[in-house]
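this is a predicted model, with the sequence first.
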Amino acid sequence: MNKIALVARREFLTRVQKKTFLLTTIGLPLIIFGFYAMIIYFSVSAGTTTKIAVTDQANIFNGKIEGKSDISFDFLKNETKASLGTKVEKGEYDSYIFIPAGTDILHTDNIEIVSGKKVGLITRDQIQGIISDQLRESRMLAFNIPKAQLDSAQAGSKLNFTMLNGSNDSDVKAEASMITGYISGFLIYIILFIYGAMVMRGVMEEKVSRIAEVIISSVKPFQLMMGKIFGIGAVGLVQFIIWIVLVFGLQILVGLLFPDILHQMQGQPVQPAGMQAAEAIKNASETPGLMQGLSQINFPMLIGCFVFYFLGGYLLYSSLFAAVGSAVNEDPQDAQSLMLPITMPIIFGIVIMTKAVNDPSSSLAVFGSLFPLTSPIVMMARIAHGVPDPVPYWQLALSMILLIFGFIGTTWVAAKIYRTGILMYGKKVTWKEMWKWAFRKS
Amino acid sequence: MALLQLEHLKKYYATQKAVDDISFSIDKGSIFGLLGPNGAGKTTLLRMITGIFYPDEGNIIFDGKTFDPLNDIIKIGYMPEERGLYKKMKIGDQALYLAQLKGLSKNEAMEKIKFWFKRLEMESWWTKKVEDLSKGMSQKLQFVITVLHEPKLIILDEPFSGLDPLNANLIKDEIYGLAQRGCTIIFSTHRMEQVEEICDHIVLVNLGRKVLDGTVQQIKQDFKENKFSVQLSGIPGIIASTAFDVIDTKANKLTVKIKDGFKSNDVLQHFIQAGVNIEAFSEILPSLNDIFINLVEDTNAKTRSFQKVE
């Protein structure tokens, strides 16, 4: 059997057979899911409504204020401030509003709301909004503007963004693209860190336990390094496939068991975008807007590119992480300082990505999506917006070619550092020295 | 016939001439001792022979052909001084993995591991992990892993450190056995008494250069100082002879040094003429330890300092 394959097989099997692998692979989606279940539970059952008693002797509200799901207004006649106060005290109402007779609607800028307990900021905001909307309407009516006219004057206007070439550039699409872009970019970012660090720790373990020399006498350092990278890459791929299957499977399951819950979730502003995007696919009839946006994203293309950039980015960075691991001695603190130059471009990638999801055609986004050290993260954010627009085919092709050259380059450099570093003991290595190892003639 | 031949090997580091023009050859089936003080360049030399390092200059001829690390690796077993195994991996799996890395097929590897584990009574270790083993046990395991593919050349760097006398003897017997079956063994150590006992041929390196090369007997002859031990029935009061000097007297045992131009018979003759009964008479050959210390002490090997290589 090929030696790289042998090493990769061991790396893969030892990791997959560990208990922690099972725990993180199966446990993590369950935890994420439990988290959502909790959010859903609390948002559905957070049923404390604020009841407000209103005595409107001047009749400025025309006997009616539209409440909200958790704020209700009851109009009571023939009450005084004192009797309202006792009602609040008894707990029948949370607050009361008393408007004395003869209050002029056009000159009322102070309405008093009296509460038994302190009112939360969000509730306060909502009450404020409701009351002032109602007041505005009442004032308009006091100017003799009919309701129909008022409504048409207040009707919102919707801007439809389209492109010169006639293609749609609607908000829903932009929003869906942005969300998808964010998720894919962040996933790549997390992959680079988790699995890159795993490669680094593996190399350090071999060096510290001194098995490296035994193995290097049987295989070439390059084979050992590549085997490790491929093996851990396979672990990552398997882990991700399991996660995706689990998350989707659980969601469909929940969707079948509690069809209402997903519908409820649509209205929750706190829910992360990922869930929104995922469930929108299923609940097409319920959320036509987002669904329409998502349907315009080319998912086969997106997933294909994701796999490519996942592998490309991982190969590019993991060889660098391996080089750092080989240079580190027993002290893990050395690793921290040596890792900095590697983590910097990844973080730059994330920064550029946050810009690119908003404006995928900006020159910074284009640069970031071509430069191999940042392209796995940034390009994913851009691709979500569409190919060939705003990402032309030539840019995609160039980015992929550059990434391939990039990872050949980093692997070549890393292999030279690795073969020197893996047998070097008792010396603190600096980047300057690693640079020398990489570029001296062998 | 030589299995391994080194020709003018050189390896320079930035601050040191680690190996500076070393040549020697090792016969097939011999047990070869590579000696030298710490930092003499032994490990660098061994790493070149195992293909981990490429020499800056010079040639390595292995088994009649120029050494080709890629293909010859399976014919070499190397046990480095710094032992290492995966701590968390089961011992059986580990041995199998390392044997497969050497190039054995899975079945072949399995068969050989079982043979060796049985031979050294290690069968019960199969499902244990290395972290469960004592130092001596893991040493034994490392030895088995090094030799189980019966390579033509076995390189052992300090194979007995950490072993109790019982296990050391066990390993020693295995080394003899392997040599008899045609394996060539390179044995690197500082322990001179072991070298004297085991090795056929030694090379001493110091400061990256070869200082000594020959069979153990030959070297001892070369370094002998014409000292003899004479055991007498009684020691005569005054011993005065033109042929020798007495250097040491212990009970009725004398140590004498024969002067240039005289022979051992002259000593015997002296005592016979003096009418003293000679109970035993033997030559004192220097120990390798003495030779080693003599040769190395004068150099600055103890404090080999870093110098710029021009």
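Received the coordinates, thanks.

care to break the chain down by domain?
Chain wasn't specified; assuming chain A. Listed by automatic domain parsing, the domain ranges of chain A are A:49-151, A:168-229+A:291-439.

try chain B instead
If you go by automatic domain parsing, chain B breaks into B:2-221, B:225-284.

give the contact list for A:R9.
A:G231 (CB atoms under 8 Å, 6 or more residues apart in numbering or on different chains). Any C-beta I mention is one placed from the backbone N, CA and C, and that applies to glycine too.

confidence score at it?
At A:R9, the model reports a pLDDT of 91.

same question for B:T303.
Value for B:T303, per-residue pLDDT: 51.

do B:A109 as well
At B:A109, pLDDT is 90.

mind checking the SS state of it?
Classification of B:A109 by DSSP: H, G, I helix; E, B strand; the rest coil places it in helix.

which parts of the stretch 201-350 of chain A are helices?
In the stretch 201-350 of chain A, the segments counted as helices under DSSP state H, counting those that start in this stretch are A:211-216, A:221-257, A:259-266, A:273-282, A:288-295, A:299-327, A:332-358.

least confident of those, on average?
helix A:273-282 (a mean of 47).

give the contact list for the residue in chain B positioned nearest to chain A.
Closest to chain A within chain B is B:G84: 3.0 Å, counting by CB to the nearest CB. With contact taken as CB under 8 Å, 6+ apart, B:G84 is in contact with A:E206, A:S209, A:R210, A:I211, A:A212, A:E213, A:V214.

can you do 7 Å?
Applying CB atoms under 7 Å, 6 or more residues apart in numbering or on different chains to B:G84 gives the contacts A:S209, A:R210, A:I211, A:A212, A:E213, A:V214.

in JSON lines: those, plus distance to chain B.
Shown next, in JSON lines, are those (distance: CB to the nearest CB, whole Å):
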{"residue": "A:S209", "distance to chain B": "5"}
{"residue": "A:R210", "distance to chain B": "3"}
{"residue": "A:I211", "distance to chain B": "4"}
{"residue": "A:A212", "distance to chain B": "7"}
{"residue": "A:E213", "distance to chain B": "4"}
{"residue": "A:V214", "distance to chain B": "6"}
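
what sits against the spatially closest residue to the residue of chain B closest to chain A that is not a sequence neighbour?
Leaving out its chain neighbours, the residue that sits closest to B:G84 by CB to CB, 6 or more residues apart in numbering or on different chains is A:R210, at 3.0 Å. Contacts for A:R210 (CB under 7 Å, 6+ apart) come out as B:E82, B:R83, B:G84.

circling back: so which of the helices of the stretch 201-350 of chain A is nearest A:I401?
When these are compared by CB to CB, helix A:299-327 sits nearest A:I401, at 10.5 Å.

and stretch A:361-379, what's buried?
Neighbour-count burial for stretch A:361-379, counted by 16 or more other CB atoms under 10 Å in any protein chain shown, picks out A:365-366, A:368-379.

could you report the neighbour count for the closest residue to B:L104 other than its chain neighbours?
Leaving aside its sequence neighbours, B:L104 sits nearest to B:H149 (CB to CB, 6+ apart; 5.6 Å). Other residues near B:H149 come to 20 when the count uses other CB atoms under 10 Å in any protein chain shown.

quick check, B:H149 in contact with B:K102.
Yes: with contact defined as CB atoms under 7 Å, B:H149 counts as touching B:K102 (5.2 Å).

check contacts around B:D72.
Contacts of B:D72 (CB under 7 Å, 6+ apart): B:F62.

quick check: which element contains A:T25?
Taking DSSP states H and E as the criterion, A:T25 maps to helix A:19-45.

give the other helices and strands that the helix or strand just after that helix contacts.
Following helix A:19-45 in sequence order, the next helix or strand is strand A:50-56 (DSSP H and E). When contacts are defined as 3 or more CB pairs under 7 Å, 6 or more residues apart in numbering or on different chains; DSSP states H and E, strand A:50-56 packs onto strand A:71-75, helix A:81-90, strand A:95-99.

how many residues are close by the residue nearest to B:G162 when sequence neighbours are not counted?
Take B:G162 and drop its neighbours on the chain: the residue closest to it by CB to CB, 6+ apart is B:K135, 4.8 Å away. B:K135 is flanked by 11 other residues according to other CB under 10 Å.

which of the helices and strands packed on strand A:50-56 sits closest to A:Y195?
strand A:71-75 (49.2 Å).

quick one on the thing from earlier: what are the buried residues along the helix holding A:T25?
By neighbour count, with 16+ other CB under 10 Å as the criterion, the buried positions of helix A:19-45 are A:F21, A:T25, A:P29, A:I32, A:F33, A:Y36, A:I39, A:I40, A:S43.

now for the residues you listed: which two are most distant?
It's A:F21 and A:S43 that sit farthest apart of the buried residues of helix A:19-45, by CB to CB, at 33.6 Å.

I'd guessed A:V235 sits against A:R10; true?
No: contact criterion CB under 7 Å: A:V235 and A:R10 do not qualify, at 11.7 Å.

which bits of chain A sit near chain B?
Contact residues, chain A versus chain B (CB under 7 Å from any CB of the partner chain): A:1, A:3, A:6, A:10, A:14, A:209-219, A:423.

do that again at 6 Å, thanks
Proximity of chain A to chain B, by CB under 6 Å from any CB of the partner chain, involves residues A:L6, A:R10, A:S209, A:R210, A:I211, A:E213, A:V214, A:I216, A:S217, A:S218, A:V219.

show me what counts as buried in the host helix or strand of B:D21.
Secondary-structure element containing B:D21, defined by DSSP H and E: strand B:17-27. By 16+ other CB under 10 Å, the buried positions in strand B:17-27 come out as B:K17, B:A18, B:V19, B:D20, B:I22, B:F24, B:S25, B:I26.

let me see the contact set for the second one.
Pointing back at B:A18 there. Residues in contact with B:A18 (CB atoms under 6 Å, 6 or more residues apart in numbering or on different chains) are B:K11, B:G41, B:T44, B:G208.

just the buried ones from the residues you listed, in ChimeraX syntax?
Burial among the contacts of B:A18 is assessed by 16+ other CB under 10 Å; the matching ChimeraX selection reads:
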select /B:11,41,44,208
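
of the contacts of B:A18, which belong to helices?
B:T44 (DSSP state H).

so, low pLDDT: which residues of chain B?
Scanning chain B for pLDDT under 70 picks out the ranges B:298-310.

where do the helices sit along it?
Under the criterion DSSP H, chain B carries helices at the ranges B:42-49, B:69-72, B:91-102, B:106-119, B:135-147, B:165-180, B:192-198, B:216-222, B:264-273, B:288-297.

quick one, which of those is packed in tightest?
helix B:42-49 (a mean of 24; mean count of other CB atoms under 10 Å in any protein chain shown).

now the angle from that helix to strand B:17-27?
60 degrees (axes from the mean of the first three to the mean of the last three CA atoms, to 10 degrees).
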